[in-house]
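>>> Next input, structure requested:
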Amino acid sequence: MDRDLLSVMGIFVADLAFLTPRLPVWGETVLGSRFRTGPGGKGSNQSVAAARLGGKVAFISKLGRDTFGHMARELYRTEGIDASLVYESESEATGGAAIIVDEAGENAIVVVAGAAEKLSAGEVTRAEPVIGRSVVFMTQLELPLPIVQHGLALARALRTTTILNPAPAAPLPDALLSLADYLTPNETEAETLTGRKIANLEDAKAAADLLLGRGAGTVVLTLGAQGALIRNRDLCLHVPAVDAGAVVDTTGAGDAFNGGFAVALAEGRALAEAVRFACAVAGLSVTRPGTAPSMPKRAEVDALMARKVMA
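The predicted structure follows:
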């Protein structure tokens, strides 16, 4: 069977983003300076990132029959994403996210999955032909854990390479971690999974070793401005970040990284090169506002990497 797809399972939410001088503390009201709405949700964002980089992407999710659901379907049509496995709920609304971004580009987010939370195991199983044609299957933790585990197990049974982006941060059983060929936590997520504070690269290596010991195949631990750490049984490598310019908004950086990483793996790139490519995608995404709208096109990433090689 020829494998030519990249399948992503996750949620779509409508982002409502607020720019403020600083993040408010609990019980405080802060006057903001700008407000915008747009498409979001980790799985949806990662699908957009991968499609803009040239990936042939199929998205597995569920929407409501409402304005936000229409926004999602228009996005997938525009970006060339296969939405044939994006189911529709007659009773549940499409989800939403409140995003607060300060002037330094840091953010705090509240997500309600809405209709996507009702995605069933049976609906995921109906995606078997698509997952079976995929080089890579990627998912996150915005869906209920039993659905995440079912999707990963199905992909593993079909011999499709699996990526688990354990975001947002949550404790996970070893049985779920062992289904991830690649586990891609950020520092906060790695701390939640291991109980180990990450203050430097040595801490990151120790946390990655703990995750390997719990069953993950390869850990790619993202470190923000410090790049990423690759750790598996045979390799321990720090890949520096790729500077693409001034940071405007870090909200979609993790999704950009994962979308880029999935595309690079699907293209057969070596692991270190795949992570460097993902770092370049993330580096470009933070130079512009928004989540899905911030995802760069392939030509931008190739040009950035060529400049860095020449420098």
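>>> what ranges do the helices span in the protein?
Secondary structure of the chain by DSSP state H: the helices cover 42-52, 67-79, 121-125, 128-132, 145-157, 174-177, 187-194, 201-213, 253-266, 271-285, 298-310.
>>> Dump the third one to PDB, keeping only the CA atoms.
What that stands for is helix 121-125. Extracted C-alpha coordinates of helix 121-125, given in PDB (Å, rounded to 0.1, in the frame of the first residue of the first chain):
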ATOM      1  CA  ALA A 121     -14.000   5.600  19.100                       C
ATOM      2  CA  GLY A 122     -16.200   4.400  16.300                       C
ATOM      3  CA  GLU A 123     -15.700   7.600  14.300                       C
ATOM      4  CA  VAL A 124     -12.000   7.300  14.700                       C
ATOM      5  CA  THR A 125     -12.100   3.700  13.600                       C
END
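>>> now for that helix, which elements pack on it?
Where contact means 3 or more CB pairs under 8 Å, 6 or more residues apart in numbering; DSSP states H and E, helix 121-125 is packed against strand 57-64, helix 145-157. Where you see a C-beta, it was placed from the backbone N, CA and C, and this is true even at glycine.
>>> which residues are in contact with that helix?
Residues outside helix 121-125 that contact it (CB atoms under 8 Å, 6 or more residues apart in numbering) are 9, 60, 62, 85, 87, 146-147, 150-151, 154.
>>> Farthest pair within the residues you listed?
Greatest spacing in the contacts of helix 121-125, by CB to CB: 85 and 146 (18.3 Å).
>>> More neighbours: which of those two?
residue 85 (20 against 11; other CB atoms under 10 Å).
>>> gap between that one and residue 8?
Applying CB to CB, to the nearest Å, the value for residue 85 to residue 8 is 10 Å.
>>> any residues in contact with both of these two?
In contact with both residue 85 and residue 8: 58-60, using CB under 8 Å, 6+ apart.
>>> Need these in CSV (columns: distance to residue 104).
CSV is the format used below for these (distance: CB to CB, whole Å):
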residue, distance to residue 104
58, 36
59, 32
60, 35
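>>> Tell me the most packed of those residues, by neighbour count.
Counting neighbours by other CB under 10 Å, the top entry in the shared contacts of residue 85 and residue 8 is residue 59, with 31 neighbours.
>>> number of nearby residues for residue 147?
Residue 147 has 20 nearby residues by other CB under 10 Å.
>>> which one of the helices and strands packed on helix 121-125 has the most crowded surroundings?
Comparing the helices and strands packed on helix 121-125 by mean neighbour count (mean count of other CB atoms under 10 Å), strand 57-64 comes out on top with a mean of 27.
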